[in-house]
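Colleague: Generate a structure from the sequence data that follows.
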Amino acid sequence: MTAQDNALETVSAKGRTISLREITDADRNSLLEFATLVPAHDLLFLNRDIRNSKVVEAWVGQSLNNQIYSLVAEEGERIVGCVAMVGDELSWSAHVTNVRLLVAPDCRGLGVGRALTQHCLGHAREQGVLKVSARMSPDQGGALHLFEELGFRPEALLRNEVKDLDGNFHDIAVMALDLN
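Modeller: Residues are numbered from 1 along each chain as shown. Next up is the predicted model:
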């Protein structure tokens, strides 16, 4: 069985074919490899560093236990994108979920991020989520543009919200989409 057999969608652009599917137990090492392809700056909006095997282990485990909705995008055997929809049903904001999207630099502009995010939004609607938020650094123009096109609007700019491994502080932009 190939990855395309389990595909939720196939994205074809510029002579490339990329399949979207739900995350599996076998994706741990591929996710770690994928994380090394993404510039460290592009990971700053995540709450945790997905280059750490313990973080990936927890993420995959929570995905398999339906605590997080996660998809990967594959080109052949290589993961080239991923998305996770994370919420907390026990919080005061149980009606809100956060979408976390990453696409390999060589696959940006092909529609992979849009397809991954649209699947998450469909899943959010099915789950009765009323609001979806997304975080990114303000200089990630492609991500800002994508989320704006999908109807997200700016909600906040968190100044000096994250600190990179070199000790430099970075702002985080928060965008949101009301689904009700």
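
Colleague: And the strands in the protein?
Modeller: In the chain, the segments counted as strands under DSSP state E are 9-13, 16-22, 68-75, 78-87, 96-103, 131-136, 153-163, 169-178.

Colleague: closest one to residue 118 among the ones you listed?
Modeller: strand 9-13 (8.7 Å; CB to CB). Every residue, glycine included, has its C-beta placed from N, CA and C.

Colleague: residues in contact with residue 149?
Modeller: Counting by CB atoms under 8 Å, 6 or more residues apart in numbering, residue 149 touches residue 114.

Colleague: 10 Å instead?
Modeller: By CB atoms under 10 Å, 6 or more residues apart in numbering, residue 149 lies in contact with 114, 117.

Colleague: ok, now residue 153?
Modeller: For residue 153, the contact set (CB under 10 Å, 6+ apart) comprises 147, 175-178.

Colleague: could you dump these to CSV with pLDDT?
Modeller: Formatted as CSV, the contacts of residue 153 follow (pLDDT from 0 to 100):
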residue, pLDDT
147, 97
175, 98
176, 98
177, 98
178, 97
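
Colleague: any idea which of these has the most stuff around it?
Modeller: For the contacts of residue 153, neighbours were counted using other CB atoms under 10 Å, and residue 147 has the most, 26 neighbours in all.

Colleague: any idea how far it is from residue 168?
Modeller: Distance from residue 147 to residue 168, counting by CB to CB, to the nearest Å: 24 Å.

Colleague: Now do stretch 111-126, average pLDDT.
Modeller: Across stretch 111-126, pLDDT averages out at 96.

Colleague: residue contacts, the residue most central in space within the chain?
Modeller: Taking CA atoms, centre = their mean, the centroid of the chain lies closest to residue 101, which sits 2.1 Å from it. Residue 101 makes contacts with 45, 71, 81-85, 112-114, 116-117, 120, 134-136, 143, 146-147, as judged by CB under 10 Å, 6+ apart.
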